[in-house]
Structure formats: structure tokens, C-alpha cells
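>>> Could you look at this predicted model? Sequence included:
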Amino acid sequence: MKWILKTAVIILLNAAAFTGIAYFFPKFQILGGFGQTLVLAAIFALLNFILKPVLKLILGPVIIFTLGLGLIVVNMLLLYILDSFSKNLSIDGVLTLLYAAVIIGFVNFFIHLIFKKS
């Protein structure tokens, strides 16, 4: 039961982060309302659960060499995959993708800090 709450909080906070990014960065566009944003956040959470460990394993030397900054590349790849497969998300430009990856990375870092303490 606890994992359902954790998953719901992760999806809601990622949806809020997506909404904030779309508000401040005009090249990050989400088509549809908040319901569509929740669907995108759920897909992103699934990508984080399935693909992120694999990408971290593949890019492990890069992550170690850059002292953790390679994790931004992992988040960029996940957002790029989400953008590629979703018709309701449009990320135009590498700089927008970079900023979005950094913001999403911070949000997910704080989510995991909160749940690690509890």
C-alpha cells in the first residue's frame, strides 16, 4: 500500500514539475490539460523505473568521470524518449531539454530524499 502512495506522489510532483517547466520555457509545450500532464508524468515515472537503471549502467563511466553530472544526460535521454513517443509533448531545442532535465533531476532527487527519510 505504501508503494501506491509513493508512486502517486512521484507522478503528481513530476506533473507539477512538467507544468512549471512548460510555464517558464515556451519551447517545452504540453498539449492538453492537467490530465494529459498526469499521463505524461506517469509514463515518465515508468521510464525512470525501467530505463534509468539501464542507462546509468551504460553511462556509468561518464557519470563517474563527470562526478555525477552525467546524470543530467540520463535525464535528457529519458525526456527525449518521452518527447519522441508522445504526441502531446514537444521539446524544441537542446537548451530547453537541458534545463528541463536539470529541473526534473532536482525534483526527483528531493522526492527520493523525502521517501528515504520516512
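Sure, I can see it.
>>> and the nearest residue to Tyr80 once chain neighbours are set aside, what is it in contact with?
Ranked by C-beta to C-beta, 6 or more residues apart in numbering and with sequence neighbours excluded, the top spatial neighbour of Tyr80 is Leu97, at 6.5 Å. C-betas here are computed from N, CA, C, even on glycine. Leu97 sits next to Met76, Leu79, Tyr80, Asp83, Ile91 when contact means C-beta atoms under 8 Å, 6 or more residues apart in numbering.
>>> Now do the buried residues in whatever helix or strand Pro61 lives in.
Per DSSP states H and E: Pro61 is located in helix 60-65. By neighbour count with 16 or more other C-beta atoms under 10 Å, helix 60-65 contains the buried residues Ile63.
>>> immediately after it, which helix or strand?
Downstream of helix 60-65 (by DSSP H and E), the next one is helix 70-85.
>>> So what's the gap between that next one and the chain middle?
How far helix 70-85 lies from its chain's middle: 8 Å, per C-alpha atoms, centre = their mean, to the nearest Å.
>>> and the helix or strand encompassing Phe110, C-alpha only, in CSV?
Assigned by DSSP H and E, Phe110 falls within helix 94-117. The C-alpha coordinates for helix 94-117 follow below in CSV (Å, rounded to 0.1, in the frame of the first residue of the first chain):
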residue,chain,number,x,y,z
VAL,A,94,18.7,21.2,-26.7
LEU,A,95,19.0,24.1,-24.2
THR,A,96,15.3,23.6,-23.2
LEU,A,97,15.9,19.9,-22.9
LEU,A,98,18.9,20.6,-20.7
TYR,A,99,17.0,23.0,-18.4
ALA,A,100,14.1,20.6,-18.2
ALA,A,101,16.4,17.7,-17.4
VAL,A,102,18.1,19.7,-14.6
ILE,A,103,14.8,20.7,-13.1
ILE,A,104,13.3,17.2,-13.3
GLY,A,105,16.5,15.8,-11.8
PHE,A,106,16.3,18.1,-8.8
VAL,A,107,12.6,17.3,-8.3
ASN,A,108,13.2,13.6,-8.4
PHE,A,109,16.2,14.0,-6.1
PHE,A,110,14.1,15.7,-3.5
ILE,A,111,11.3,13.2,-3.9
HIS,A,112,13.7,10.4,-3.1
LEU,A,113,15.2,12.3,-0.2
ILE,A,114,11.7,12.7,1.3
PHE,A,115,10.8,9.0,0.9
LYS,A,116,14.2,7.8,2.1
LYS,A,117,13.7,9.5,5.4
